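S.K.: next input, structure requested:
(one chain, ligands or ions: 1)
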Amino acid sequence: MYIWPDGVGRTVLPSVDSTMSEAARVAASSTFPQWILAHSQTAAHGRRGRPWVNPVGNFSATLLMFPTEPPELVALRSFVASLALYDAFVAVTGRTDPFALKWPNDVLLNGGKVAGILLERGSSHLAIGIGVNLAEAPERAAVEEGAAAPVSLAHETGALVQPEEFLDQLAPAFAHWEAQFTTYGFAPIRTAWLARAARLGEPIRARTMAETHHGTFETVDAFGNLVLATPKGKLSIPAAEVYF
Ligand SMILES: O=C(O)CCCC[C@@H]1SC[C@@H]2NC(=O)N[C@@H]21
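M.R.: This is a model prediction of the structure:
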């Protein structure tokens, strides 16, 4: 492992089951943050236990951290990671216009999903898993009906970016937003996230475990909840899948 000047380690693996599982194993005998990047994963997973397809050339990494805040604040790191991803995309393409952040944890490129974030917590650690379709997007059939179509950075923008090069942009961008978060709290993160949000003020659908709500995407509140204005009043939704 290489320790970067910011004190965050970097490990690059040719292949692993999942960088999330690797992070959990490393966490058992470590106390300092590190990025774990793998060129191939044999058992990658996404949110809600869905399989994550990660062809070679795509970016698959987990940031292992040991946060000390209460759990509700720790969960807000998904917004920190989203902002870092957005900055990394802007750095490697020189463009802002095709990128947008989709609540809660995705990055869109020309309206398709180019990256997803997965947070998993252990007794002392937080693992922030990030998958980016740098080179190739999975087949449309591999994703859920109604979900944003997967797209790749290479296909949509022509930018050919290696996983390590992407990490060179993502790691300092994360460090920047992390410093904002730990110094000033969620407020500046929320403001920056909303400025990059997809479909703010527009009609969306939010599917929770129990039901599907239709309404206008009003904002994200101070706790990271989706605020939806529906005909029955305002709803504050902590977890859902969002459809446009
Ligand atoms: O959109 C999602 O559902 C989140 C996808 C997260 C995928 C990444 S790839 C690196 C890390 N390892 C995994 O097994 N999953 C995450």
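S.K.: up against the ligand, what does this protein have?
M.R.: When proximity is defined as Cβ under 6 Å from any ligand atom, the chain approaches the ligand at 18-20, 41, 44-47, 50, 52, 54, 60-62, 106, 116-118, 129-131. In short, each C-beta sits where N, CA and C put it, glycine included.
S.K.: how far away is the spatially most central residue of the chain from D221?
M.R.: With distances taken as Cα atoms, centre = their mean, the residue of the chain nearest its centroid is I117 (2.7 Å). Distance of I117 to D221, given as Cβ to Cβ, to the nearest Å: 19 Å.
S.K.: go through the chain and flag its longest helix.
M.R.: Using DSSP state H to define each element, the chain has its longest helix at helix 163-184.
S.K.: tell me which residues in it are buried?
M.R.: Across helix 163-184, burial judged by 16 or more other Cβ atoms under 10 Å covers 163, 166-175, 177-178, 180-181.
S.K.: re earlier: per-residue pLDDT, the residue nearest to the centre of the chain?
M.R.: Reported pLDDT at I117 in the predicted model: 98.
S.K.: does it touch N105 like I think?
M.R.: Yes - counting by Cβ atoms under 8 Å, I117 touches N105, with 4.1 Å between them.
S.K.: between these two, which contacts overlap?
M.R.: Counting by Cβ atoms under 8 Å, 6 or more residues apart in numbering, the residues touching both I117 and N105 are S78, A81, S82.
S.K.: in helices, which of these appear?
M.R.: S78, A81, S82.
S.K.: any chance of those in TSV, with neighbour count, distance to K234 and pLDDT too?
M.R.: What follows is these, written out as TSV (neighbours: other Cβ atoms under 10 Å; distance: Cβ to Cβ, whole Å; pLDDT from 0 to 100):
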residue	neighbour count	distance to K234	pLDDT
S78	18	22	97
A81	25	27	98
S82	26	23	98
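S.K.: what residues does the helix or strand that contains A127 touch?
M.R.: For A127, the host element (DSSP states H and E) is strand 126-132. The set of residues external to strand 126-132 that reach it, using Cβ under 8 Å, 6+ apart, is 18-20, 23-24, 27, 44, 46, 52, 54, 58-67, 74, 77-78, 81, 85, 107, 114-121, 153, 166, 170.
S.K.: so where do the helices sit in the chain?
M.R.: Using DSSP H, the helices of the chain run over 19-27, 71-74, 77-93, 153-157, 163-184, 186-195.
S.K.: quick check: mean pLDDT across the first one?
M.R.: Right, helix 19-27. Mean predicted confidence for helix 19-27 is 98.
S.K.: return the set of buried residues in that helix.
M.R.: Of the residues in helix 19-27, those buried (16+ other Cβ under 10 Å) are T19, M20, S21, E22, A23, A24, V26, A27.
S.K.: how far out from the middle of the chain is it?
M.R.: Centroid displacement of helix 19-27 relative to its chain, using Cα atoms, centre = their mean, to the nearest Å, is 17 Å.
S.K.: show me what it is packed against.
M.R.: Based on contacts counted as 3 or more Cβ pairs under 8 Å, 6 or more residues apart in numbering; DSSP states H and E, the elements that helix 19-27 packs against are strand 9-13, strand 34-38, strand 59-65, strand 112-121, strand 126-132.
S.K.: which one of these lies nearest to E241?
M.R.: When the helices and strands packed on helix 19-27 are compared by Cβ to Cβ, strand 112-121 sits nearest E241, at 11.8 Å.
S.K.: so T230 makes contact with F217?
M.R.: No - with contacts counted by Cβ under 8 Å, T230 stays clear of F217, the gap being 10.9 Å.
S.K.: neighbour count for these two, which is higher?
M.R.: F217 (22 against 13; other Cβ atoms under 10 Å).
S.K.: who's in contact with the more buried one?
M.R.: Contacts of F217 (Cβ under 8 Å, 6+ apart): W103, A197, R199, L200, G201, E202, P203, I204, L226, V227, L228, V242.
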